[in-house]
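Engineer: Provided below are the primary sequence and the corresponding predicted coordinates.
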Amino acid sequence: MPSRIFMPTCFRWVCTSVCSVLALLALPLPPQYGDARRGADLLVRRNCTLCHSIHGVGGTIAPDLARRSTRDFTPATLAAALWNHGPAMWRAMAERKLEVPALGQTEIADLYAYLYSIRYFDRSGDAARGKTMFTVKKCSTCHAIAAAEGQRRGPPVEQWPAIADRIRWTQHMWNHAGAMMEEMEKAGVPWPTFTLQEMIDLLVYVRNLPNRPNAPPALVFDNPAEGEKLFEQRGCSNCHTVGAAAPGKVDLIGVARGSRTFTELGMMMWNHLPQMRRRARATRLEFPTFGENEMSNLIAFLFAKRYFEEQGNARVGRRLFTAKKCAACHDQAGSGAPSLKDKQGQFSAPQMASALWQHGPTMLANMEKRGIRWPTFTGSEMADVIAFLNHR
């Protein structure tokens, strides 16, 4: 099943950012998307830390890869930033005689998993707000802090599992929702709902509790083909489609205008759990639970279907493709540039970044010879161009 990944890194790009670029390359997916722990080790082994630091240890030329960005980046925004700064980065890298290491597909996937596991794609959270949310949303009614008096039905917060891995965290919340609902009904506690920022703040609070183990980044993707089967087997397809219109069903791609994160997906699933359970009872369907690796497979399937990518406007993209002079080479015979018309459905933000780093210097040289200015894009413009290329 062909698929592409996007790299959810949202640090600022500087000219000498070597491994940041490598983490964005779009390659056909290996059997597993990646492992965050191997990715953390790879940053050191492949000399990425000559420019970047990790938790303050390493180079100071480029951003610290373990610190969250205050900006909300989409894959298209990041691809646009790379295109805009490509010529300057190539010049700076040549001046410093830096070579791009030949990272394999699995290594790229591991870098991706690591950068996502440290939540570069999430907005910043606040532990103090999360602590308030823990009380306001009545989490403390069942989940007290271990040392506090009055702990009742659920495990103490310090024992919440898998907080370092958003996929496993989402699976745990989903599987235990039924028991939680029953306990909350007995206690007269309404089901809490969260905004994205509230969920992020809550997770930041829990992750920074003094008695909680500081788990290393953990994020392992599994098999998107198995995830597609699960989408059918667990009854998700009874209410949802992924990229297709069907009467009475919600198209998950259609409602995903901007890029989504794991935290946002988990928040949406949590908020809709009561509604989904009621519908399951009304239609006499068994409410699904997920076993080991199954949620990872399901989310891998959503990634392969580009649920997490920004949806652009193909009509606007058509105009931009001409205005930015892309058509001057790619739609002109004899220009030396490949035609893109036979590759519909293959374009994504990371694929655009990959094309930049594979062919960018040659493109720049050819454009300079022809007197064509190097194009720059906003994030939304990049998303629009991608939409056009996939639907022209």
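Structural biologist: Sure, I can see it.

Engineer: host element of Met199?
Structural biologist: For Met199, the element it lies in under DSSP states H and E is helix 196-207.

Engineer: Could you check how far Ala355 is from Ile167?
Structural biologist: Using Cβ to Cβ, to the nearest Å, one gets 29 Å for the distance from Ala355 to Ile167. (C-beta placed from N, C-alpha, C; glycine too.)

Engineer: Those two: which is more packed in?
Structural biologist: For Ala355 against Ile167, the residue with the higher neighbour count under other Cβ atoms under 10 Å is Ile167, and the figures read 24 against 18.

Engineer: Quickly note the distance from the residue lying closest to Gly59 once chain neighbours are set aside to Asp110.
Structural biologist: Using Cβ to Cβ, 6 or more residues apart in numbering and skipping residues adjacent in sequence, the residue nearest Gly59 is Cys51, 4.4 Å away. Noted for Cys51: a distance of 19 Å to Asp110, by Cβ to Cβ.

Engineer: And these two? Which one has more around it.
Structural biologist: In terms of neighbours (other Cβ under 10 Å), Asp110 is the more surrounded of Cys51 and Asp110; the figures are 28 against 23.

Engineer: any idea what the nearest residue to that one once chain neighbours are set aside is structurally, helix, strand or coil?
Structural biologist: For Asp110, ignoring the flanking residues on the chain, the nearest one in space by Cβ to Cβ, 6+ apart is Gly39 at 3.7 Å. Secondary structure, DSSP: H, G, I helix; E, B strand; the rest coil: Gly39 is helix.

Engineer: Neighbours of Gly39, how many?
Structural biologist: Other residues within reach of Gly39, judged by other Cβ under 10 Å, total 24.

Engineer: same question, Glu381
Structural biologist: Quick note: Glu381 (other Cβ under 10 Å) scores 22 neighbours.

Engineer: again, but for the one 5 residues further on
Structural biologist: By the measure other Cβ under 10 Å, the count of residues near Ile386 is 25.

Engineer: How about Lys343?
Structural biologist: Using other Cβ under 10 Å, Lys343 has 13 other residues around it.

Engineer: What of Gly243?
Structural biologist: Per other Cβ under 10 Å, the neighbour tally for Gly243 reads 12.

Engineer: Okay, now the unreliable bits of the stretch 101-250 of the chain?
Structural biologist: 101-106, 108-109, 112-113, 119-121, 145-155, 158-159, 161-162, 164, 213-221 (pLDDT under 70).

Engineer: all strands of it, in order?
Structural biologist: Per DSSP state E, counting those that start in this stretch, the stretch 101-250 of the chain has strands spanning 240-241, 250-251. These are given in chain order.

Engineer: Run through the neighbouring helices and strands of the last one.
Structural biologist: In terms of contact count using 3 or more Cβ pairs under 8 Å, 6 or more residues apart in numbering; DSSP states H and E, strand 250-251 is assigned the packing partners strand 240-241.

Engineer: contact partners of the strand it packs on?
Structural biologist: Contacting residues not belonging to strand 240-241 are listed as 231, 249-252 [Cβ atoms under 8 Å, 6 or more residues apart in numbering].

Engineer: Dump the residues you listed into a markdown table; add neighbour count and distance to Leu340 as well.
Structural biologist: Formatted as a markdown table, these follow (neighbours: other Cβ atoms under 10 Å; distance: Cβ to Cβ, whole Å):
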| residue | neighbour count | distance to Leu340 |
| --- | --- | --- |
| Phe231 | 20 | 30 |
| Lys249 | 13 | 32 |
| Val250 | 10 | 32 |
| Asp251 | 14 | 26 |
| Leu252 | 21 | 27 |
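
Engineer: out of the residues you listed, who's nearest Leu302?
Structural biologist: Closest approach between those and Leu302, by Cβ to Cβ: Leu252, at 7.2 Å.

Engineer: contacting residues around the closest one?
Structural biologist: When contacts are counted by Cβ under 8 Å, 6+ apart, Leu252 is found next to 240-243, 302, 307.

Engineer: Local confidence estimate at it?
Structural biologist: The per-residue pLDDT reported for Leu252 equals 89.

Engineer: Dihedrals phi and psi, it?
Structural biologist: Backbone torsions for Leu252, taken as degrees, to the nearest 10, come to phi -60, psi -30.

Engineer: now swap in Leu273 and tell me
Structural biologist: phi -60, psi -50.

Engineer: Can you get me a residue count around it?
Structural biologist: Each residue near Leu273 was counted by other Cβ under 10 Å, and the total is 19.

Engineer: Same question for Leu298.
Structural biologist: Leu298 sits with 25 neighbouring residues when counted by other Cβ under 10 Å.

Engineer: Please name the nearest non-neighbouring residue to it.
Structural biologist: Computed as Cβ to Cβ, 6+ apart, the closest residue to Leu298 that is not its neighbour in sequence is Gly227, at 4.4 Å.

Engineer: if I read this right, that neighbour contacts Leu302, doesn't it?
Structural biologist: Yes: shown here, Gly227 and Leu302 form a contact pair, counting by Cβ atoms under 8 Å, at 7.3 Å.

Engineer: Hmm, Phe287 and Arg277 touching each other?
Structural biologist: Yes: using Cβ under 8 Å as the test, Arg277 is close enough to Phe287 to be in contact (5.5 Å).

Engineer: Mutual contacts of the two, please.
Structural biologist: Between them, Arg277 and Phe287 share the neighbouring residues Gly178, with contact defined by Cβ under 8 Å, 6+ apart.

Engineer: ranges for the helices of the stretch 151-300 of the chain?
Structural biologist: If you assign secondary structure with DSSP state H, counting those that start in this stretch, the helices in the stretch 151-300 of the chain sit at 166-175, 177-187, 196-207, 224-233, 262-282, 294-304.

Engineer: quick one: contacts of the fourth one?
Structural biologist: Where contact means Cβ under 8 Å, 6+ apart, the residues beyond helix 224-233 that reach it are 1, 3, 29, 236-237, 240, 242, 290, 294, 296-304.

Engineer: No more questions from me, cheers.
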